[in-house]
Structures are given as C-alpha cells and as structure tokens.
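In: Predicted coordinates and the sequence they were generated for:
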Amino acid sequence: MLTGMFVNGGNYGLPLNFFAFGEAGLANALIYFNTSTVLIYTVGVFIASSGRAIRTEALRGVLKVPALYALAAAGISLSFDITIPTLIVHPISLLAEASIPVTLILLGMQLGKAARPDRLTWIGLPTGLRLIAAPLIAFFLARAFQLTGPARHAAIVEVSMPTAVITSIVALEYDAEPVLVTGAVFATTLGSPIVLTPLIALLQSGF
C-alpha cells in the first residue's frame, strides 16, 4: 500500500513539472505535493504502524509525527497572518533546505545495505502500478474532473511519479517490510524516465 499510494512528487515531481510546464505547472504540482505530504504523515504512518500494532497504537504513532504539528502551526500562522520572529524562521529555513539532500542520503544508505528481496516478483506489482497503471488512470481522472491546461499536465505527471523516497524511511521506522519497500523505490525510480519522457512529450504536444 505504501509503495502504490505515495509518489515522489517533491524532489522529483516539482522540478520536473517546472522544467516541462513552467511556473504554472509548478504551482499546480505544489497542490498535489502538499496534499500528498499530509497523507504520508497521517494515512501512510497509520498503514505502516498498523502492520505491527493494533489500531489504537497505530493512531498513537500518527500523533507522534512532528510534521503534523508543524503543518498545524504553519496553517495557524498563515490564517491569522502571524509574523514569525527571524530568530525562529532562520534555523527552520536552514533545516528545510537540508531536507531533500538528507532524504536522498538516507535513501542511498538504505539502497547500499539493502539485500536482494526474497520476493523479487513482488517488486513488479508496485512497479507496474506506478509506471503503467497510474498514468492511464491519471488520464481518465483528469477527464472525469475536467482538468485542463497546466492543472491537467501537472496532475498527470505527479500521479505518474515513482514511489516516494519517504516510504522507505517510514517502512524502516515501523518495520514494515523495509527491504521490499526500498526495492520498489529503486525499481520505480530507475524505470521512471522510460515512462515520463514520452508522457511529457505527449502532454506538450497537446494530447
């Protein structure tokens, strides 16, 4: 479920949409990415933790995620136009800029020590879902929701991204088959250019 539901819409999807469709594509991709981020730290953590714990304990695991409280604080500050002191903003900004490199380093560490999955054929399931089924479903849903222009392009590309890097970290934290999840991240990321290159060309052509 982790490998199929959550995509690398941030450090992969956002720059890709920007390079392919400009500022408008990036703006629409951010909507998808922000929603996906909230879901990974709530639904994703619940799914990962529920594999080893009862539902009440899984819910407690969700409440322990710092990102939820950061999102709530950000929402309150934006809603009430609260100015955050520079003393607080500056260190937070530095940490935020380091988040993508640290995530990539953690992924590299995971891939470096990951053993060959015992169920190698299982890797084909999330790979096929993310790289084949997801783009087809995205075209259908874009038409169903009557998306057009940059919104349609960004939505289709974001849905077609490989499995999110963060899923391997969540899987490791909650012991939810981290070897298999990391294998799915690696396989979908490796195969993504084969799908995304013609997909973007197709969207740019006006299809």
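Out: Thanks, I have it.

In: Give me the packing partners of the helix or strand containing residue 31, helices and strands only.
Out: Element membership of residue 31, judged by DSSP states H and E, is helix 13-39. Judged by 3 or more C-beta pairs under 8 Å, 6 or more residues apart in numbering; DSSP states H and E, helix 13-39 is in contact with helix 149-159, helix 178-204. C-beta here means a position set from N, CA and C on the backbone, and glycine is covered the same way.

In: Comparing these, which comes out most buried?
Out: helix 149-159 (a mean of 22; mean count of other C-beta atoms under 10 Å).

In: Alpha carbons only: can I get that helix in CSV?
Out: As requested, C-alpha coordinates have been extracted for helix 149-159 and formatted as CSV (Å, rounded to 0.1, in the frame of the first residue of the first chain):
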residue,chain,number,x,y,z
GLY,A,149,-4.0,23.1,-19.2
PRO,A,150,-1.3,23.2,-16.6
ALA,A,151,-3.6,21.7,-13.9
ARG,A,152,-4.1,18.7,-16.1
HIS,A,153,-0.5,18.3,-17.1
ALA,A,154,0.8,18.7,-13.5
ALA,A,155,-1.8,16.2,-12.1
ILE,A,156,-1.0,13.5,-14.7
VAL,A,157,2.8,13.9,-14.2
GLU,A,158,2.6,13.9,-10.4
VAL,A,159,0.4,10.8,-10.4
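
In: Which residues outside that helix are in contact with it?
Out: Residues from elsewhere that reach helix 149-159 (C-beta atoms under 8 Å, 6 or more residues apart in numbering): 7, 9, 13, 16-17, 20-22, 24-29, 32-33, 36, 134-135, 137-139, 141-142, 147, 196, 199-200, 203.

In: No further questions, thank you.
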